[in-house]
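Colleague: sequence first, predicted model second:
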Amino acid sequence: MSVSRKKGIDYWLPKLVVSPTLVIALVFFYGFVLWTTFISFTNSSFLPSYDLVGFDQYVRLFMNPRWLNAMGNLVVFGVLFIGICMVVGLVMAILLDQNIRAEGAIRTIYLYPMALSFIVTGTVWKWLLNPTVGIERFVISMGWESFVFDWIIDPDMAIYTVVIAGVWQASGFVMAIFLAGLRGIDTSIIKAAQLDGANLFAVYTRIIIPSMRPVFFSAFIMLAHIAIKSFDLVIALTGGGPGNATDVPAIFMYQFSFQRGQLGIGAASAVIMLMTVLAILVPYLYSELRTPKNG
Amino acid sequence: MAKSKNPSYANINGRAVLYGVLIIVAAYYLLPLILMIMTSFRSMDEIRLGQLIEWPKSFSLDAWSMAWSEVQIGAREERGLRPYFINSILMVIPSVAISTILGALNGYVLSFWKFRGSELFFAALLIGCFLPFQAILLPQSQLLGWLGLSGSLVGLILTHVVYGVSFTTLFFRNYYVNLPHELVKAAKLDGAGFWVIFFRIILPLSAPILVVTVIWQFTQIWNDFLFGVVFSDPSTQPVTVGLNNMVNSSTGEKQYNVDMAGAIIAALPTIVVYVVAGKYFVRGLTAGSVKG
């Protein structure tokens, strides 16, 4: 009968449609992660080998001062980048939410850096931060002759230039997310609170910001994603230098795997990066998604 | 929330401060772009003698034509960023199209044709949004080697599709889940099948999320550097890799005007997309993610 036949088609067709993606997830996500993990336990150098050596590559990795330095830099960069973007984004969103004229134009200006490649951002800021041609020289020529702003060539400060460029690129995007969150809040609650005599500051800190938890969650996830991908920004801005001062795990992994032919240690570094991401994300995802939601 | 029925002086001062802050912040975001554009029109003589922030004395397109088709990048024969730019276009169009179609179909199934394990499948797929790509670079380059796709545009497109499909599925699924399910239920009762419902009912409602997904994928793939630098060879490198090579490999005096013209060339397509369609992007993205 045609009706039951049709039901049959509608039974297997959805599964058939998602099957390519299932293959992608199984092979390219989980299979590849397992493969990388396996390689990290072998003595692979230029080519993958299948001789297991236990945790040797991890021991070598954590004995390598360059790796420890790169991990430290990622922590400094990640915390500052995510923290500053969140604060700047929230403050700007609240300011823009005060019935501003030309809000659309201002929003576009804040948002456009997000459209740029980190390579472009790095190229521009490398030039602006260069003391002999950029901001330092400009301020000196304005008359402040003792002005020094040479972080990009100072090994102790160079990592903060990566934060400056990263915040410039991403904070407007966070602002846009928060602004949309503010607009989504039921205004009748706010009006009621104001009638009860709550001032604007209390309205924001007690009512509006607490009710934006999901928005903070979205912003955090996106910023963390960008921070982990910090490879290209660092390459274009400082190239990991001066020396190894702005080295990050992503650059370490790339150079050991693809330039030095040390696949084993490269794979071990990749596994540690993945573990770090999971250690941050899994508890957060669990606590956020456990609460029932619509749909 | 304009609660001021008769604005006091304090209120007016407050507004002035507010606008002052907003304008200063706008300047912070805009200045690098303005300086880039101005510098790209100046000659190197002028840059050497002049200031960082200074109106161009002369107006010259030399730096632009240098960056586009004349500057020597690495050892390749064709000069300038043009061949890299063309590679990026050839890479981005199929990558965006395929990953968006896959995402729309996945989102449709995961919202209206749930099956046993479909929620688990969705959760398992989301790992792709957070996966640090370093964890898959080595096997992916092995696989592309086995398939004979090392360094090819097809290999690069495959990589972008595979690692973009988590985001596209997430976008469509979150959007479709909030559509009224009665529509689809009624259509199913009337005997409409899988494809009829998709093309007649769901697709016509998908414009907002289609815009979001296409913009997201376009900017992600156009701006990608990691896959470009790992999986391409000199003849297939995208414009981000070309720009980075150009800026970092030039010998002799640094040509800041050419660097800046090159940076604008590499950034132009995504800037245009944001200025033209950015508001739909933010609107659609937040409609999905805030409701989550």
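Modeller: The structure has been received and is ready for your questions.

Colleague: for the nearest residue to A:Phe258 once chain neighbours are set aside, give me its contacts.
Modeller: Computed as Cβ to Cβ, 6 or more residues apart in numbering or on different chains, the closest residue to A:Phe258 that is not its neighbour in sequence is B:Val230, at 6.4 Å. All C-beta atoms are positioned from the backbone trio N, CA, C, and that covers glycine. By Cβ atoms under 8 Å, 6 or more residues apart in numbering or on different chains, the contact list for B:Val230 reads A:Tyr254, A:Phe258, B:Leu137, B:Ser141.

Colleague: which of these fall in helices?
Modeller: Members of those lying in helices (criterion: DSSP state H): A:Tyr254, B:Leu137, B:Ser141.

Colleague: out of those residues, who has the most neighbours?
Modeller: Of the ones in helices among the contacts of B:Val230, B:Leu137 is surrounded by the most neighbours, 25 neighbours in total, counting by other Cβ atoms under 10 Å in any protein chain shown.

Colleague: quick check: which element contains the residue nearest to it when sequence neighbours are not counted?
Modeller: Once its chain neighbours are removed from consideration, B:Leu137 has its nearest residue in B:Val230; the separation is 5.7 Å (Cβ to Cβ, 6+ apart). When elements are defined using DSSP states H and E, B:Val230 is found to belong to helix B:226-231.

Colleague: may I have that helix exported as CSV, CA atoms only?
Modeller: Output of helix B:226-231 as CSV, limited to C-alpha atoms (Å, rounded to 0.1, in the frame of the first residue of the first chain):
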residue,chain,number,x,y,z
LEU,B,226,45.5,27.8,10.0
PHE,B,227,44.0,25.4,7.4
GLY,B,228,45.3,27.7,4.6
VAL,B,229,48.8,27.5,5.8
VAL,B,230,48.8,23.8,6.7
PHE,B,231,46.8,22.2,3.8
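
Colleague: out of the ones in helices among the contacts of B:Val230, which comes closest to A:Met275?
Modeller: A:Met275 has its nearest neighbour among the ones in helices among the contacts of B:Val230 in B:Leu137, at 16.3 Å by Cβ to Cβ.

Colleague: rewinding a little: of all the contacts of B:Val230, which two lie farthest apart?
Modeller: For those, with distances taken as Cβ to Cβ, the pair at the greatest spread is A:Tyr254 and B:Ser141 (11.5 Å).

Colleague: re the thing from before, from A:Leu263, how far out is the residue nearest to B:Leu137?
Modeller: Spatial separation of B:Val230 from A:Leu263 under the definition Cβ to Cβ, to the nearest Å is 13 Å.

Colleague: low-confidence ranges in chain A?
Modeller: Applying pLDDT under 70 to chain A flags residues A:1-7, A:288-295.

Colleague: pLDDT score for B:Met1?
Modeller: B:Met1 carries a pLDDT value of 44.

Colleague: ok, the one 4 residues further on next?
Modeller: Confidence at B:Lys5, expressed as pLDDT, is 47.

Colleague: my read is that A:Leu13 contacts B:Ile197, right?
Modeller: No: in terms of Cβ atoms under 8 Å, A:Leu13 does not count as a neighbour of B:Ile197; the distance is 11.2 Å.

Colleague: and these two? Which one has more around it.
Modeller: Neighbours per residue (other Cβ under 10 Å) separate A:Leu13 from B:Ile197, with B:Ile197 holding more: 20 against 15.

Colleague: so what's the more buried one up against?
Modeller: Taking Cβ under 8 Å, 6+ apart, we find B:Ile197 in contact with B:Phe112, B:Val184, B:Ala187, B:Lys188.

Colleague: so which strand or helix has it?
Modeller: Mapping B:Ile197 onto the secondary structure by DSSP H and E places it in helix B:194-197.

Colleague: tell me how far that helix is from the chain's mean position?
Modeller: Centroid separation for helix B:194-197 versus its chain: 31 Å, with Cα atoms, centre = their mean, to the nearest Å.

Colleague: and the helix or strand just after that helix, what's buried?
Modeller: The first helix or strand that comes after helix B:194-197 along the chain, using DSSP H and E, is helix B:207-223. Of all the residues in helix B:207-223, those buried under the rule 16 or more other Cβ atoms under 10 Å in any protein chain shown are B:208-223.

Colleague: residues contacting residue 97?
Modeller: Using chain A here. A:Leu179, A:Leu182, A:Arg183.
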